[in-house]
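Chemist: Sequence and predicted model, in that order:
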Amino acid sequence: MVAWVTKPGYSNNGAANLERLCLDTGVKFFNLGFIQATSNTIKDGKVQWGWGGHSVL
């Protein structure tokens, strides 16, 4: 799951505001505690994600 929204209220210090996304879309998000961006840059138009310290899922 990736949500790229730059409007105010959709992030909490850079992390996605899952409550706001859930309220707007109706989609519930679970078990996302270990998923995080591994870089602060976009590569080939994509956010670079990792899980549990690994750079790819």
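Modeler: Here it is on my side, so go on.
Chemist: okay but Trp49 is in contact with Ile42, surely?
Modeler: No. The pair Trp49 / Ile42 is not scored as a contact, 11.7 Å apart, by Cβ atoms under 8 Å. In short, each C-beta sits where N, CA and C put it, glycine included.
Chemist: and those two? which has more neighbours close in?
Modeler: More crowded of Trp49 and Ile42, by other Cβ atoms under 10 Å: Trp49, with 16 against 11.
Chemist: Parallel or antiparallel, list what pairs with the lowest-mean-pLDDT helix or strand in the chain.
Modeler: With mean pLDDT, DSSP states H and E as the measure, the helix or strand of the chain carrying the lowest mean pLDDT is strand 15-16 (a mean of 73). Under the criterion DSSP bridges, strand 15-16 sits next to strand 11-12 (antiparallel) in its sheet.
Chemist: got the contact list for the partner strand?
Modeler: The contact list for strand 11-12, computed with Cβ atoms under 8 Å, 6 or more residues apart in numbering, reads Val5, Asn17.
Chemist: avg pLDDT for it?
Modeler: In this model, strand 11-12 has a mean pLDDT of 75.
Chemist: Partner strands of the biggest strand by length in the chain and their direction?
Modeler: Here the longest strand in the chain is taken by residue count, with DSSP state E as the criterion, and it is strand 35-43. According to DSSP bridges, the neighbouring strands of strand 35-43, each with its direction, are strand 46-51 (antiparallel).
Chemist: List the buried residues for the strand it pairs with?
Modeler: Under the neighbour-count criterion of 16 or more other Cβ atoms under 10 Å, strand 46-51 has Trp49 buried.
Chemist: where does the protein dip in pLDDT?
Modeler: Along the chain, the model assigns pLDDT under 70 to residues 1-4, 14, 29-35, 51-57.
Chemist: at 80 instead, please
Modeler: The model of the chain has pLDDT under 80 over residues 1-6, 11-16, 18, 27-39, 47, 49-57.
Chemist: Fine, thanks again, bye for now.
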